[in-house]
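Enquirer: Here is the input, now give the coordinates:
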Amino acid sequence: MSEDGLDPLREVIARYGLKAQKGLGQNFLLDLNLTRRIARSAGPLAGHTVIEVGPGPGGLTRALLMEGAEKVIAIERDARALPALAEIAAAFPGRLDVIEADALALDMAKLAHGPVKVVANLPYHIATALLVGWLSVPWPPWWRSLTLMFQKEVAERIVAGPGSKAYGRLSVLAQWRARCRRLFDVGARAFTPPPAVTSSVVEIVPTAEPENAPPLATLETVTRAAFGQRRKMLRSSLKAATADPGALCARAGIAPALRAEALTVADFCRLARCLAG
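Expert: Numbers count the residues shown, from 1 in each chain. Prediction:
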């Protein structure tokens, strides 16, 4: 019996035949000490609703409830996991809602009542798409923070600064109106089955949208063009965004001989504002 009065996760997985499926990007976390560390890294959970994507057998779900989340809304696509999650709901009456759905197709803002945090060990194959969606909502967002597990390579891209090989479109999108920190790494052996990569937990906290913020669509256009040919100078790479890259750079006060990786997030915002007119 575990600290929360429920059976150990290995027994739960065996009872319901929850063999992780590669097609669903499933890698289960079974160590309750680790899942509780992830839950605590999201900051105080009391008084918050927590949205979790891909709970599987519920290791992180249990940790979030044990660490004081007022309500957890678990979004799970795999119907096989629902009986295991129902056991957790029975052990924590009124505090766990389970939604069987594809997280990419769900409007999570409609689930947000009161202060909301998103905490999840994301399925690798949809992790970046989910993050971009959460960063692309009207600002300020419906969520107060995102505490998410990614492949280490993706986590490095999220927090990377100018001049780094990891710096790119995802770095700019994440950092232009949020504070991003890589908290700690999680080795492959912590998962069942072990993935082929190390994972990292990242914290993303929204900041106030900058004055004269560019339209999101224009910022995406500029970063897509610039990093799409990152080895080329802006005078060449930005041709995918405008017919006259030199003039655009001049209006933004940026040297057209620079490459994308040399620009700060503020530089990209200036380019986007000038392109938007």
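Enquirer: When you work out contacts or count neighbours from here on, use the C-alpha atoms and nothing else.
Expert: Noted.
Enquirer: Where does Q26 sit: helix, strand or coil?
Expert: coil (DSSP: H, G, I helix; E, B strand; the rest coil).
Enquirer: Look up how far F191 lies from it.
Expert: From Q26 across to F191, the span is 9 Å (Cα to Cα, to the nearest Å).
Enquirer: With neighbour numbers in mind, choose between those two.
Expert: Q26 (23 against 16; other Cα atoms under 10 Å).
Enquirer: ok, the closest residue to the more buried one other than its chain neighbours to L64 distance?
Expert: The shortest distance from Q26 to any non-neighbouring residue, by Cα to Cα, 6 or more residues apart in numbering, is to A20 (5.3 Å). Here A20 is placed at a distance of 21 Å from L64 (Cα to Cα).
Enquirer: Those two: who's more crowded?
Expert: L64 (25 against 16).
Enquirer: How about the contacts made by the residue nearest to Q26?
Expert: Applying Cα atoms under 8 Å, 6 or more residues apart in numbering to A20 gives the contacts 26-28, 192-193.
Enquirer: In the residues you listed, which residue is surrounded by the most others?
Expert: Counting by other Cα under 10 Å, top hit in the contacts of A20: F28 with 26 neighbours.
Enquirer: Now stretch 130-142: average pLDDT?
Expert: For stretch 130-142, mean pLDDT is 96.
Enquirer: what's the span of it, first residue to last?
Expert: Across its full length, stretch 130-142 reaches 14 Å between end residues, using Cα to Cα.
Enquirer: Can you name the residues in contact with that stretch?
Expert: By Cα under 8 Å, 6+ apart, stretch 130-142 touches 103-104, 109, 112, 116, 170, 173-174, 206, 208-209, 216.
Enquirer: Can you verify M149 is assigned to a helix?
Expert: No - residue state for M149 (three-state DSSP) corresponds to strand; a helix is not indicated.
Enquirer: first vs last residue of stretch 91-104, how far apart are they?
Expert: In stretch 91-104, first residue to last residue: 29 Å (Cα to Cα).
Enquirer: In it, which residues are buried?
Expert: Neighbour-count burial for stretch 91-104, counted by 16 or more other Cα atoms under 10 Å, picks out 95-98, 101, 103.
Enquirer: can you tell me which of those are in strands?
Expert: 96-98 (DSSP state E).
Enquirer: Mind putting these into CSV with pLDDT and distance to L60?
Expert: Converted to CSV, these look like this (pLDDT from 0 to 100; distance: Cα to Cα, whole Å):
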residue, pLDDT, distance to L60
L96, 98, 12
D97, 98, 14
V98, 98, 14
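Enquirer: P83: which of those is nearest?
Expert: V98 (10.4 Å; Cα to Cα).
Enquirer: Surely the closest one and D78 touch.
Expert: No - the pair V98 / D78 is not scored as a contact, 11.4 Å apart, by Cα atoms under 8 Å.
Enquirer: any idea how far the closest residue to P195 other than its chain neighbours is from L34?
Expert: Leaving aside its chain neighbours, P195 sits nearest to A188 (5.5 Å; criterion: Cα to Cα, 6+ apart). Separation of A188 from L34 (Cα to Cα) stands at 13 Å.
Enquirer: Mind giving me the packing neighbours of the helix or strand hosting R179?
Expert: Using DSSP states H and E, R179 maps to strand 178-186. Under the contact definition 3 or more Cα pairs under 8 Å, 6 or more residues apart in numbering; DSSP states H and E, strand 178-186 sits against helix 152-159, strand 199-206.
Enquirer: If we go by neighbour counts, what in the next helix or strand after the last one is buried?
Expert: In this case it means strand 199-206. As assigned by DSSP H and E, the chain's next helix or strand after strand 199-206 is helix 216-228. By neighbour count on 16+ other Cα under 10 Å, the buried set for helix 216-228 is 216, 218-228.
Enquirer: ditto for stretch 30-49
Expert: 30-32, 34-36, 38-42, 45, 48-49.
Enquirer: which residues touch that stretch?
Expert: 9-10, 29, 59-60, 63-64, 66-73, 112-117, 119, 145-147, 190-192, 201, 203.
Enquirer: Can you say which of those are buried?
Expert: 9, 29, 59-60, 63-64, 67-73, 112, 116-117, 119, 145-147, 190-191, 201, 203.
Enquirer: Just the ones in helices from those, please.
Expert: 9, 59-60, 63-64 (DSSP state H).
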